[in-house]
Every structure is written in C-alpha cells, then in structure tokens.
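1. sequence first, predicted coordinates after that:
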Amino acid sequence: MRWLSHGVVKKSKYTIYDLSSEFIKKVPDYAIMIEQVGEHLILYEIEFHDADVTVDLENIGHILL
C-alpha cells in the first residue's frame, strides 16, 4: 500500500474479469484488450476524501467527498 498526500493506493482484490462489464460499458473496444491480455492486467484502487479539481479556467476548487 502506498500513501499519497491525500489518499491511499492499493492493489485491488478484484480482477479485470470481475469488472470487465463496467470497463466495456464505458469503452466497448476494451473487450478486445481484456480478451487478449486480461491475465496480465492488474487493478489498483485509489481512496481519497478530498481533491483539488480543475474543470476549466473559471472553475477551480477544493472538494470534500
């Protein structure tokens, strides 16, 4: 587990196969990649409770989740 200044990154207990339908729903071409190299893909989870967000030059701020 690696600590960031505002969060934690850890290897996920899930595999790409566990979440493949969600990835494919967002990007249908991922189905090919998962089929070809899925066994080599490792998922990580990032947990954070606040973030600095920039939407555009007029909309910049700090949010708490």
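-> Done, it's in. These numbers were taken from a predicted model, which means no experiment stands behind them.
2. so which residue is smack in the middle of this structure?
-> By CA atoms, centre = their mean, the chain has its centre lying nearest to residue 45, at 6.3 Å.
3. so that one belongs to a strand, correct?
-> Yes: Residue 45 sits within a strand when classified using DSSP: H, G, I helix; E, B strand; the rest coil.
4. for it, give me its contacts.
-> Residues near residue 45 by CB atoms under 8 Å, 6 or more residues apart in numbering: 9, 10, 11, 12. Just so you know, the C-beta spots here come from the backbone N, C-alpha and C atoms, and that holds for glycine as well.
5. excluding its backbone neighbours, what's nearest the last one?
-> If the residues on either side of it in the chain are set aside, residue 12 comes closest to residue 43, at 4.0 Å by CB to CB, 6 or more residues apart in numbering.
6. next one: the one you found relative to residue 64, how far apart?
-> Residue 43 sits 26 Å away from residue 64, going by CB to CB, to the nearest Å.
7. have a look at the two and say which one is more surrounded.
-> Neighbours per residue (other CB atoms under 10 Å) separate residue 43 from residue 64, with residue 43 holding more: 13 against 6.
8. ok, the more buried one to residue 34 distance?
-> For residue 43, the distance to residue 34 - CB to CB - is 11 Å.
9. tally up the residues packed near residue 63, please.
-> For residue 63, the neighbour count with other CB under 10 Å is 9.
10. ok, back up a step: wait, the residue nearest to residue 12 touches residue 19, no?
-> Yes: between residue 43 and residue 19 there is a contact under CB atoms under 8 Å: 7.0 Å.
11. any weak-confidence spans in the chain?
-> Counting by pLDDT under 70, the chain shows low-confidence ranges at 1-5.
12. which residues in it form strands?
-> With strands called from DSSP state E, the chain shows them at 2-3, 7-11, 44-48, 50-56, 59-64.
13. TSV for those, including distance to residue 27?
-> Output for the strands of the chain, formatted as TSV (distance: least, CB to CB, whole Å):
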stretch	distance to residue 27
strand 2-3	26
strand 7-11	22
strand 44-48	18
strand 50-56	22
strand 59-64	26
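14. if anything else comes up later, I'll come back, but that's it for now.
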